[in-house]
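Undergrad: What follows is a predicted structure for the sequence shown.
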Amino acid sequence: MSARAQSWRPLLGATGLGTELVLIYTGLISGADAITKFIAGGYAAPQLFCLSGLVVVVLSVALNQLQGSQAGLRTRCPRAMAVRAGATVIACTAFFYAFRALPFAEVFLFIGLMPILSGILSGLILGEHVRPIVWGALGMGFVGMLFLFPAGLSGVSIGHGFALLASVAGTVSMIMARFIGQYEHNALAQVFYPNLAVFAIMAVALPFVWVPMPPADLIWVFAYATLLFVARWVLVVALRLLAAYAVTPLLNLQFVWMVLLGAVFFGEVPAAGTYLGAGLVVLTSLFLVWEQLAPGAERMRTARA
């Protein structure tokens, strides 16, 4: 086997594993989002996220004890972890209200912008060079967004504002996960601290919004928290193997999950404009990945470093 072929093998192995983990993540997080939409109408965000955050924190501590890791839940990047935790709190809250206000599949178009946003924020936060062609792709993604609003910008609602805020905050959280992963390999800590922040902040507001929950809804909250715990752990590991700009386009598979779940459980059928807009966003994201990864193995190794 040639030296060139051998140099590709470990890279493609990591890329393949990272890709599989992201695909698993999309199924898990779409299931969690479906539960959010299912119970969002009856409860305020602090009640759902305080309880689910507590469950994730307990699961993180329990798994850490089972692993017997010497590192425990310590982090070597406290400031970066604080930024990730804050962004996670904002993203969770904004997505909650976006799912309450918008059809399931419409939220996807804003999730579909995350690959484009990650290309921009990677340059600002991770110091990766952002080429002019990326700005062109960003413009194409914006055109895709416009197809969501057949009546023009007059169709924009507060739900769309929440969805955009959630996408930006979610992208910041993922970029920070990639940044932290360059300095430490404690994936569990990256699940523990953001959810500890969610639990602590939402607990402050909980007494003002608490509504008694029947056992069935408590089971749904526990199911949501469990899916969220596994999904975020899987994503953190994937972000160690793949750059953020390579991970986020794969998140577009969520559109398939969202259409299926929306149709089966909520009776929602996306309009043709939603499919067209989503298609433009997906093509934009795939183009960004090709532009970053296609030129050759040396560039791929540099981007992954």
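TA: Cool, the structure landed. Residues are numbered from 1 along each chain as shown.

Undergrad: Return the residues in contact with C92.
TA: When contacts are counted by Cβ atoms under 8 Å, 6 or more residues apart in numbering, C92 touches 45, 49, 198. Just so you know, the C-beta spots here come from the backbone N, C-alpha and C atoms, and that holds for glycine as well.

Undergrad: In strands, which of those residues fall?
TA: Among these, DSSP state E puts none in strands.

Undergrad: what is the mean pLDDT for stretch 125-134?
TA: The average pLDDT within stretch 125-134 is 64.

Undergrad: thinking again about what came up before, in a markdown table: the contacts of C92, plus neighbour count.
TA: What follows is those, written out as a markdown table (neighbours: other Cβ atoms under 10 Å):
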| residue | neighbour count |
| --- | --- |
| A45 | 19 |
| F49 | 29 |
| V198 | 25 |
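
Undergrad: Helices - which of these land there?
TA: Per DSSP state H, helices hold the following members of the contacts of C92: 45, 49, 198.

Undergrad: Quick check: of these, which lies closest to V22?
TA: The shortest gap between V22 and any of the ones in helices among the contacts of C92 belongs to V198, at 22.3 Å (Cβ to Cβ).

Undergrad: was I right about the closest one contacting G53?
TA: Yes. V198 lies in contact with G53 (Cβ atoms under 8 Å); the separation is 3.8 Å.

Undergrad: Helices along the stretch 51-200 of the chain, start to end?
TA: Remark: helices assigned in the stretch 51-200 of the chain by DSSP state H, counting those that start in this stretch are 78-101, 104-111, 114-125, 132-146, 158-181, 187-209.

Undergrad: And the helix or strand that comes right after the last one, what does it pack against?
TA: Right, the one you point to is helix 187-209. Next in sequence after helix 187-209, counting helices and strands by DSSP states H and E, comes helix 215-241. Where contact means 3 or more Cβ pairs under 8 Å, 6 or more residues apart in numbering; DSSP states H and E, helix 215-241 is packed against helix 3-40, helix 45-67, helix 158-181, helix 187-209, helix 244-250.

Undergrad: circling back: quick one: which of the contacts of C92 is nearest to V209?
TA: The nearest one, if we look at those relative to V209 and count by Cβ to Cβ, is A45, at 8.2 Å.

Undergrad: Report the contact partners of the closest one.
TA: By Cβ under 8 Å, 6+ apart, A45 lies in contact with 92-93, 96-97, 202.

Undergrad: which two from those end up farthest apart in space?
TA: Pairwise distances across the contacts of A45 (Cβ to Cβ) peak at 13.6 Å, for the pair Y97 and M202.
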